[in-house]
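**Q** The amino acid sequence is not available; the structure is as follows:
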Ligand SMILES: Cc1ncc(C[n+]2csc(CCOP(=O)(O)OP(=O)(O)O)c2C)c(N)n1
Ligand SMILES: Cc1ncc(C[n+]2csc(CCOP(=O)(O)OP(=O)(O)O)c2C)c(N)n1
Ligand SMILES: [Mg+2]
Ligand SMILES: [Mg+2]
């Protein structure tokens, strides 16, 4: 099981609780760790990840900010340059666009651009995700923007255990790390190792073994993939699920090793299809497992529209288990090497 | 030939001149077209695209702005909502990150999010490109950020003729269009049709026909691809070059039709490899031409580092003709369907 | 521009650090009574009715949210009714309004049918934005309500650009168009505020920026968030004159807004107007607002503009108890009709998913449902290129 | 905080629209002479020597750029030497400096060897940033020069965060550390300026924001770009006190900067300091600045701080012509050595391309050269995970 070290005691808790407890533990461990963001203190966090921490650690360690994403993300960069370890909360990943110049042109560049003289040990935690009827500007999954940038590390835990392990690793890492959370995951539960638990950044996990087809997923879509795998098991279809966990660096080996075994793959993500995370995964598979592939790698992703508010349209636009099942079936049905099979008009 | 309509008179001119003349012609044609951006008036444009236009049209039509990318890009959105047709110049695409919330969360969303009640007819012109020793923050090619967003259109002309045709189409289009220019292209020359010349947004062009391998490129890398095609012709290797021209919508059919013919493909871009434009092109080809492919589709792209200033490192980091030749040869050498050929460790 | 006298070689600006305190409202007192009496009873009753309608609408919206008829976020104007009505009384039909996600009341006062507003909250196709926007994104071209916006500060640059378009196309004067751009107190701390006010200043744009100071941005007080908590002064960095008005005084708000709009129209002098009011509930329907002190909540309740105007109008004989009951009953009835309309309206059909993809259709964007290939889709192919 | 008396129900801020005019410098005159005479001759000579060194360095940099030894963009401090030296005289070694792409002079005054600065401009591995940064990105941990930055305004939030780190870790007092954050006049119009000054104000950070007002941002005048062109007043929106100083008066600049730093250190009161000077040349080496009037250029030349200080020191007998010649010769010699050092230094080897990818190595980032597969590269595999 990913993120569960053999022999260590585990506790069941929510993804939210795992994040909260890890923040607290890291703050206790290291005085240079502090939290900064909008409404994380008095309001206890928009999604209550930081509940109780202001009371315990005081305003020096838990710093509420005005609505100034560029300002406070940039301030975290400067604080990190002087050796502190800020953990920024961006209320949702949508608002990261207000701070993206600081993230991409500063946090990601400072180490290399100045010849390796200084490190920027900071973490940005932020949830993405649609399906909550928050409308077009509040439902995006734009982690691909950050995954594209050399100098950043981007992780996206799908389980409470990885939430703990990746957050702890991110805080101890000396590079800027974006930790992508997901609104739909906060209340999900899982077994979390007690005590010290670090998940290495840069390694995917085989979340479930299987032999007929590989489903590559990350964050919220891992749960969909696992559900579908269980469902299809009953029909005798064996699905292997790869949880990317880290988008940058991307663990190409684990992905390709799985596909070389299963010979077929489907990628599922919550983001739009074109130029999404899935595109890189497909490009990776086709290069790294080309000669093993028995069918084109298909992508299951959101419809390419600004996400509508109305439930009827929103549901239609977002990928779900049904879509994944359909595409897995189509992938398994794809046979032969007939050029006529090409879908291109 | 792309962008050259049969029978019409042509003139040789630079890419810069084509942009300049088109801006001028569109301003003469339509009173609602105006220019807005930093240093486009008195300074005549950082790259002199707008030279002389302030003098001719006055400050109402050629509006210099303070250094406030978010402010003036957003102002262009509002002006477009009231029916004007602003053409924004962003000095370089790097600075678009300061305005990306306005572009992605506003320009791209307003039409759909408000139920189709209003259009946002605006153009953002901006050059990308490395290789000028401008360092890590001034050398990026991040058009993939915009290509990812439903609601936007993204075009990237590689020739003076397409610079004219796509800019004119963009200005007359009622959606927000990002027109990506390139520092290295401004002085390149080509035949440009005189008079009215519109290049349809959303269509790729076969810039050169060939039969052995397809090279997919756009903007600056089209020139590299064409050079390489000429060079390899001498060795009897026939290279087809597809110029994407439009990144959103992406003309998947033209790309796949070419690859189904040649059975092999290489994608070249100036941007970083992971999660770049090339990833989507590869994903597209492997889905749309899977059964025709005789070798994995390879990508030639920039090394994944913040681009160093020093010439020695900068040159090493950026893709060039030599890299493309090498990868084309490797692609042509790839034979058989042996699983052992998979590169995955 | 005179420079303050400074030291030998330096000149200092006068803004020395001073302690920050809670927003002080301009003293109304006697003058308010005076103003009230010069207004016709019809006018006052009209304002009151609108305020009551907003109150009813918002209370019912909260209820519908709890009953899961409304999804996503839902921010109410409870406590801000006098500000809403006062501002909208000053705004002419020819003017344009850009506002925030807390905008139900504004939509109603711009004359949009309450049924269409409620239907939007319900995500129905009869909603003002066709169900695409929801509570945060009301829009109506005819009413020149150019959007509620959910990104804090995101509306300010486009609003400024709308004013630029007006200046581009028309001459200043008393009949000119103008733009009103609303924002909350917390929003004055974001970069877009700064950049936009500067542009409006140097370009002489016909726009009035209105800060609705309800004392809080979510759980953060103005004093905690803003280096200059006297927000109407924040035009200082652009030479934009600022005025603070009691946001619970509907006539004062209207007059201050009219004066500011006049300046924008006639002199192309942008203005900053701060209306001080109080939020009666949490930031959004789901926020229990536990971070607020009992005292703070009590104070907000005391300032309740609807209750206070009611007493005043009764006290002054502008309204008698029967009329008051009628106003309330009528508002209740209208909101009930709005809910019924929303309930009875259809959800947008899935076939509409790609209907608003582009205003100008182009090739190669067929649109794909999640389980479909980008190379073509059954749904998409039937509507490809349909645009709008 | 007192509120201005206003109309009946409203209160107005005092910043009415006023005409904008070119920046007026604080009147120096007699007081400057006075200050000059209380300074020791050594001090004045020291400042002058530094100014001459910057002048020589920049002129040679321009020449080297023309000879294609330097690439990319190259922005010079010509005309700003008194500001550079004055500010750096006030900044203590324990303080941190964040600045812009126009920063060669600051690096020299922070005590960084001129050879290492020139080598960086040449893109050599002996450069201050190892050749990775170039002219716009000088950095030296030891000198606490925490970067030249090329994105306009990009340095302001990190500088503010550095001040936050100081406040996080240490108590205020005369020996405390502080941050100085430099920016140009045009930069005060960007959102990051607003957000950062607000944070510094509410968090009481030890930082001095310095606006180098050279009258132009590229081709745009301060008057054209800024709603409030008296830039030192732009702290008003955050209650940050502002001061304007004659940027051509090295001692005045130093004193004003010291005073501001003192306030930041001891009172944790952030400050805004505006130094008014003039750009002698184009925006960067390649800009012929045709947009400038002859009169404007002439005025800049008249204000040339190096020439003027030279005359003054000669006139007052602080320096005689031989000494002046020595100073110039020494600067020339130093810059010649710097050029020779840069010329003689090696370019960074291609093997270094992935050396600074991450400070903490992680698996699966081998690094690929453009013609190599992401699955592994000869170069990368030899240095994978080497980190720093
Ligand atoms: C850029 C951005 N940051 C954060 C948020 C989350 N958010 C929504 S409303 C709000 C508070 C706004 O406060 P204020 O401006 O006072 O308006 P009010 O809600 O009081 O009307 C915040 C922080 C957002 N929507 N956009
Ligand atoms: C965000 C951003 N926008 C635009 C530019 C291009 N640019 C570089 S310097 C400059 C002018 C800056 O003027 P000012 O702040 O007065 O500084 P100065 O160059 O006069 O020292 C501009 C517009 C940039 N580097 N970054
Ligand atoms: Mg508020
Ligand atoms: Mg300047």
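**A** It's in. Keep in mind that this is a model prediction, so the values were computed, not measured. Ligands and ions are numbered 1, 2, ... in the order given.

**Q** The stretch 1-150 of chain A against ligand 3: which residues are in contact?
**A** By the rule CB under 5 Å from the ion, no part of the stretch 1-150 of chain A lies against ligand 3. Every C-beta, even on glycine, is put in place using the N, C-alpha and C of the backbone.

**Q** for chain B, what are the nearby residues on the stretch 1-150 of chain A?
**A** Residues of the stretch 1-150 of chain A lying close to chain B (CB under 8 Å from any CB of the partner chain) are A:94, A:97-98, A:100-101, A:104-105, A:108-109, A:112-113, A:135-137, A:142, A:144-145, A:147-150.

**Q** Run through the residues you listed and flag the ones next to ligand 1.
**A** Residues shared between these and the neighbourhood of ligand 1 are residue A:98 [CB under 6 Å from any ligand atom].

**Q** can you pull out the strands in the stretch 201-345 of chain A?
**A** For the stretch 201-345 of chain A, the strands defined by DSSP state E, counting those that start in this stretch cover A:205-208, A:213-217, A:239-243, A:246-248, A:265-272, A:298-302.

**Q** my bad, the stretch 51-200 of chain C
**A** Using DSSP E, counting those that start in this stretch, the strands assigned to the stretch 51-200 of chain C run over residues C:96-100, C:145-149, C:179-184.

**Q** picking up where we left off before, and of the strands of the stretch 201-345 of chain A, who's closest to residue A:32?
**A** Closest to residue A:32 of the strands of the stretch 201-345 of chain A is strand A:246-248 (CB to CB; 24.2 Å).

**Q** Need the mean per-residue confidence for the closest one.
**A** What strand A:246-248 shows for mean pLDDT is 98.

**Q** and what of stretch C:311-320?
**A** For stretch C:311-320, mean pLDDT is 96.

**Q** Which residue is the nearest non-sequential neighbour of the residue of the stretch 151-300 of chain A found nearest ligand 3?
**A** Nearest residue of the stretch 151-300 of chain A to ligand 3: residue A:183, at 23.5 Å (CB to the ion). Closest residue to residue A:183 apart from its sequence neighbours, by CB to CB, 6 or more residues apart in numbering or on different chains: residue A:129 at 4.2 Å.

**Q** which residues does the residue in chain A that ligand 2 sits nearest to contact?
**A** Closest residue of chain A to ligand 2, CB to the nearest ligand atom: residue A:101 (7.4 Å). Listed by CB atoms under 8 Å, 6 or more residues apart in numbering or on different chains, the contact partners of residue A:101 are A:70, B:97, B:98, D:151, D:154.

**Q** can you check residue A:144 too?
**A** A:247, A:271, A:275, A:276, A:277, A:280, B:148, B:275.

**Q** swap the cut-off to 7 Å and go again
**A** Going by CB atoms under 7 Å, 6 or more residues apart in numbering or on different chains, residue A:144 touches A:271, A:276, A:277, B:148, B:275.

**Q** How much space separates the second one from chain B?
**A** By that I understand residue A:276. Remark: distance between residue A:276 and chain B (CB to the nearest CB, to the nearest Å) = 7 Å.

**Q** ok, now which ones touch that residue?
**A** Counted by CB under 7 Å, 6+ apart, residue A:276 has contacts A:144, A:269, A:301, B:148.

**Q** ok, and the closest non-adjacent residue to the third one?
**A** So that's residue A:301. residue A:273 (3.9 Å).

**Q** Give me the pLDDT value at that neighbour.
**A** Per the predicted model, pLDDT is 97 at residue A:273.

**Q** For it, give me its contacts.
**A** Applying CB under 7 Å, 6+ apart, we find residue A:273 in contact with A:299, A:301, A:304, C:368, C:374.

**Q** Of those, which pair is most distant in space?
**A** Across these, the longest distance by CB to CB is 11.7 Å; it joins A:299 and A:304.

**Q** Any chance you could note which residues of chain A sit beside chain C?
**A** A:39, A:42-43, A:64, A:66-68, A:70, A:132-135, A:137-138, A:273-274, A:298, A:300-305, A:308-313, A:316-319, A:323, A:326-327, A:343-345 (CB under 7 Å from any CB of the partner chain).

**Q** OK, now which residue of chain C is nearest to chain B?
**A** Closest residue of chain C to chain B, CB to the nearest CB: residue C:157 (2.1 Å).

**Q** Could I get the pLDDT score of the closest residue to that residue other than its chain neighbours?
**A** Leaving aside its sequence neighbours, residue C:157 sits nearest to residue B:74 (CB to CB, 6+ apart; 2.1 Å). Residue B:74 is assigned a predicted lDDT (pLDDT) of 99.

**Q** Please apply the same query to residue C:375.
**A** Looking at residue C:375, its pLDDT is 86.

**Q** likewise residue C:30?
**A** At residue C:30, pLDDT is 50.

**Q** do residue C:284 as well
**A** On pLDDT, residue C:284 comes in at 97.

**Q** wait, doesn't it sit right on residue C:70?
**A** No. Residue C:284 is beyond contact range of residue C:70, at 11.0 Å (criterion: CB atoms under 7 Å).

**Q** Which one's more surrounded, these two?
**A** residue C:70 (23 against 19; other CB atoms under 10 Å in any protein chain shown).

**Q** what's the spacing between the more buried one and ligand 2?
**A** From residue C:70 across to ligand 2, the span is 40 Å (CB to the nearest ligand atom, to the nearest Å).

**Q** How about the contacts made by that residue?
**A** Applying CB under 7 Å, 6+ apart, the residues near residue C:70 are C:61, C:64, C:121, C:122, C:135.

**Q** for residue C:309, same thing?
**A** Residues counted as contacts of residue C:309 (CB under 7 Å, 6+ apart) are C:48, C:51, C:82, C:250.

**Q** where do the helices sit along chain A?
**A** Remark: helices assigned in chain A by DSSP state H are A:15-29, A:53-61, A:69-81, A:100, A:110-113, A:143-147, A:160-172, A:220-233, A:252-262, A:277-288, A:311-317, A:321-333.

**Q** Give me the domain ranges for chain A.
**A** Here the domain parsing of chain A from automatic domain parsing is A:11-193, A:205-333.

**Q** Please compute how far the shortest one lies from its chain's middle.
**A** In this case it means domain A:205-333. Here domain A:205-333 shows a centroid-to-chain-centroid distance of 14 Å under the convention CA atoms, centre = their mean, to the nearest Å.

**Q** So what would you say the end-to-end distance of that domain is?
**A** In domain A:205-333, first residue to last residue: 27 Å (CA to CA, to the nearest Å).
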